[in-house]
Every structure is written in structure tokens, then in C-alpha cells.
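# here is a sequence with its predicted model. Questions after.
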Amino acid sequence: MTTSSAATANARHLAKYGAFIRVGFAEARAEPGELYARAAFLVVILGVFSALWRAVGAVGTGGTGTADRGTMVWYLAMTEWMLMSAPQLHFDIEADVRRGDVAHQIARPASYLASHVARGIGALGFRAPLLLVVACGAGAAFGGRPAHPVTLAGIVGIGIAAAISMSVWYESIGLLAFWLGDIAPVYWIWQKLTFVLGGLLLPLTFYPSLVIHIAMLTPFPALLTGPASFVFVHPLIGAAELITLLVFWFCIACVAATLLFRRATRILQVNGG
């Protein structure tokens with residue numbers, strides 16, 4: 001095969017996943033109710049916690065120093081924005097398994113896992129900008145002007161990467177439906193770990209050192225509290241280290257999803273699916 005023909009084949013291969021991205025974008029745009037619900041929930045969460053932090057006064061101290069109410073509102077706005085923007089691919093895969101659609105989707109001339117991720121990126125491309133506007137608007141309304149507005153651009157860039165990495169982890173959770181049928185218990189555990197080890201509501205620096213050490217052995221800090229902590233003077237993880245961690249945990253998630261999928265396809269072949 002010549003170089004030009006190989007390039008053409010690669011371009012056609014990538015174009016297939018570009019089509020999946022457009023499908024994901026169109027699907028997200030066709031369901032505005034879900035976006036409105038996420039946006040409303042984000043505003044309510046920020047309003048409730050803003051009132052709570054106003055009532056208790058000083059939020060606390062930690063490696064980030066004293067956190068005033070406005071800074072904490074912006075921190076929560078960023079963590080919630082990343083979490084709500086991430087496409088929840090596990091529910092789509094679970095639905096495929098329950099309907100028995102996996103067998104014919106695997107037969108398509110496109111990777112089952114990559115096509116789901118591509119659709120998720122398309123949905124992320126629609127939701128993330130709109131939810132970011134809502135998050136920043138609510139952050140300004142409840143927390144005032146951010147202390148370090150320039151760092152928000154960095155948070156957005158790294159936050160998008162974190163949301164994509166999170167979607168691959170969700171994909172791994174969804175593949176467990178081949179064995180469990182119902183992945184709700186696994187997702188429930190993941191969600192609770194996100195609250196604590198990911199610092200969803202409070203930065204990890206507010207937790208005991210033992211919790212911080214345990215958390216750093218997991219992907220959760222890189223996915224949430226790491227990017228969002230740039231609203232503070234001293235972020236939890238430096239930018240270069242955070243990007244390295246995101247790449248590392250993204251690769252781990254890809255390997256985990258690939259191994260689970262290979263095992264699942266062997267089950268389908270044995271069962272004649």
C-alpha cells in the first residue's frame with residue numbers, strides 16, 4: 001500500500017468517528033430537557049451551598065489557605081460543571097446489553113468502544129459550553145468575581161480533558177453490565193468515591209492527610225479537584241503534573257475498558273450471541 005493510499009484509508013477511518021461525534025452532538029441538541037435539568041440542578045446546588053457557607057462564616061483552612069465563600073462557590077461551580085458535562089456512557093452501554101444490541105453493533109466496521117467515546121465527545125461538545133456559561137453565571141451571582149479569573153481558561157481546557165477521561169471510566173463501568181446486568185450499585189460506589197476522593201464539594205486539602213494520600217492513588221483527584229483547585233492561590237496539583245496524571249489515568253481507563261470488552265466479546269461468542 002502506498003503512502004497516499006494509506007493516508008486516504010486513515011482519513012476515511014477517522015471520518016467514521018467524526019460521524020459518530022456529529023451524531024452525539026445532534027442527539028444532545030435534540031434533548032434540551034436534559035440540558036435544562038442539569039443547568040437548573042447546577043444553579044440550585046451553588047445557591048444552596050453559597051447560603052450554607054454564608055451561614056457558617058469562614059469555610060476553613062487547608063493547603064489552599066483560608067477559603068472565602070466566593071472562592072468556594074467558584075470551586076464548586078467548576079467541579080459540578082466538569083461532572084455534569086461528562087457523558088455518562090455507562091447507561092448507554094447498559095442499555096445496549098439489556099436490549100441485546102451489542103452483537104450487531106460489534107459487527108460494524110468501527111470500534112464499539114471508540115464509537116461510544118466519539119458520540120460522548122459530540123454530546124460533550126454541545127453540553128459543556130452551555131453548562132459553562134450557566135456555571136460562570138451562577139458563580140458570579142453567588143460568589144462574585146473570581147479571585148483569579150485568568151486561571152478559568154486553564155480550568156476549562158483541563159476540565160474538558162478530564163471530562164473525556166471520566167467518560168472512558170464510565171465506559172468501563174458500563175461494560176460490567178455483561179456480568180452484573182444492573183450497574184447501578186457499581187456506579188453508586190463510584191459516585192460516592194467521587195464525592196470524597198474527588199473533592200466534589202470540598203477540596204481535598206480540607207480533608208485529613210490520610211485521605212489525601214489515599215485519594216492520590218486513585219484517578220479522582222485528577223478528574224475533579226485537581227482542575228478546579230486552580231481557583232485558589234495554590235492549586236492542589238501543578239499544571240504539568242496534573243496533565244501527566246490525566247494522561248496516565250486516561251491510558252489506564254482505556255486499557256481497563258479494552259480488557260473488559262475483550263472478555264465480554266468472548267462471553268458473547270461462547271454463548272452464541
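Structure received. Numbers count the residues shown, from 1 in each chain.
# following the helix or strand hosting G157, which helix or strand comes up?
Using DSSP states H and E, G157 sits within helix 151-175. As assigned by DSSP H and E, the chain's next helix or strand after helix 151-175 is helix 177-180.
# mind giving me the packing neighbours of the helix holding G157?
helix 69-85, helix 89-99, helix 112-143, helix 184-196, helix 220-223, helix 225-228, helix 239-270 (3 or more Cβ pairs under 8 Å, 6 or more residues apart in numbering; DSSP states H and E). Just so you know, the C-beta spots here come from the backbone N, C-alpha and C atoms, and that holds for glycine as well.
# run the chain-centre distance for it.
Put simply, helix 151-175 sits 4 Å off its chain's centre (Cα atoms, centre = their mean, to the nearest Å).
# next: stretch 191-202.
Relative to the centre of its chain, stretch 191-202 is centred 13 Å away, using Cα atoms, centre = their mean.
# what's the span of that stretch, first residue to last?
15 Å (Cα to Cα, to the nearest Å).
# tell me the buried residues in it?
T194, V196, L197, G198, G199, L200, L201, L202 (16 or more other Cβ atoms under 10 Å).
# kindly report the same for stretch 175-182.
L175, L176, A177, F178.
# residues in contact with the first one?
The reference is to L175. Contacts of L175 were listed using Cβ atoms under 8 Å, 6 or more residues apart in numbering, and they are I93, A257, L260, F261, A264.
# which residue sits closest to it, ignoring its sequence neighbours?
L260 (4.2 Å; Cβ to Cβ, 6 or more residues apart in numbering).
# my guess is the one you found meets I173, correct?
No: with contact defined as Cβ atoms under 8 Å, L260 does not count as touching I173 (9.4 Å).
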